[in-house]
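Novice: Fold the following and give me the result.
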Amino acid sequence: MIEGVCPVRESAAEQRPAVVGIGIGIGASRGVTVGEVLALVDSALAEARLERRQIALLATVERRAGEPGLRAAARELGVPLVAHRAEALAAVVVPNPSPSALATVGTASVAEAAALLSAAGGPLLVPKRKSARVTVAVSRLPSHPGAAT
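Specialist: From the prediction side, this is the model:
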């Protein structure tokens, strides 16, 4: 459950997705910049016809939670950066596992697994998308009490 996330009601004429909140799972190389993180987040959102204001959280592996680029992205978006243990991420079944992520951080998925784990198994809206130093995946978060559906 995510506290304090209130969806904005849209009219049917605007034809925007009815998503209460979304989570962005992020895998990143050391030294990733906030610009590269936000550019890929924006690209994934555009693909799913979603907006930044629908983001409720960013999630990553503990080992990368201190990365300045990830922390700055969370600050710019006004959302928390959630850190998951590699062991917890490794237990999540994902559609696109990565041998390089397994070798680097101890889990075959960071972005998709973090998005799914944060969403309590909720669906991936956008499977992982990659740039040179960052990977993102988008999930729909479960509703919370008082949320409009």
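Novice: Residue 87: what secondary structure?
Specialist: helix (DSSP: H, G, I helix; E, B strand; the rest coil).
Novice: Could you tell me the model confidence score at it?
Specialist: We have a pLDDT of 96 for residue 87.
Novice: can you pull out the helices in the chain?
Specialist: For the chain, the helices defined by DSSP state H occupy 34-47, 68-77, 86-90, 99-105, 111-118.
Novice: low pLDDT regions in the protein?
Specialist: For the chain, applying pLDDT under 70 flags the ranges 1-20, 144-149.
Novice: Just give me the residue right at the centre of it.
Specialist: residue 24 (1.0 Å; CA atoms, centre = their mean).
Novice: give me every residue that touches the nearest residue to it once chain neighbours are set aside.
Specialist: Once flanking residues are discounted, residue 24 sits nearest to residue 58: 5.0 Å by CB to CB, 6 or more residues apart in numbering. Heads up, the C-betas are built off the backbone N, CA and C, glycines and all. Residue 58 is in contact with 23, 24, 25, 26, 70, 73, 74, 77, 79, 80, 81, 82, counting by CB atoms under 8 Å, 6 or more residues apart in numbering.
Novice: likewise residue 28?
Specialist: With CB under 8 Å, 6+ apart, residue 28 has these contacts: 37, 60, 64, 67, 69, 70, 110, 133, 134, 135.
Novice: Of those, which pair is most distant in space?
Specialist: 69 and 110 (14.3 Å; CB to CB).
Novice: which one of the two has more residues nearby?
Specialist: residue 110 (31 against 22; other CB atoms under 10 Å).
Novice: Take stretch 22-31, keep the C-alpha atoms, and write them as PDB.
Specialist: Backbone C-alpha positions of stretch 22-31 (Å, rounded to 0.1, in the frame of the first residue of the first chain) are rendered in PDB as follows:
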ATOM      1  CA  ILE A  22       2.600   3.600 -11.400                       C
ATOM      2  CA  GLY A  23       6.000   2.400 -10.200                       C
ATOM      3  CA  ILE A  24       9.200   2.700 -12.200                       C
ATOM      4  CA  GLY A  25      11.700   0.000 -11.700                       C
ATOM      5  CA  ILE A  26      15.200   1.200 -12.500                       C
ATOM      6  CA  GLY A  27      18.500  -0.600 -13.100                       C
ATOM      7  CA  ALA A  28      21.500   1.600 -13.500                       C
ATOM      8  CA  SER A  29      25.200   1.600 -14.100                       C
ATOM      9  CA  ARG A  30      27.400   3.500 -11.700                       C
ATOM     10  CA  GLY A  31      27.600   7.200 -12.600                       C
END
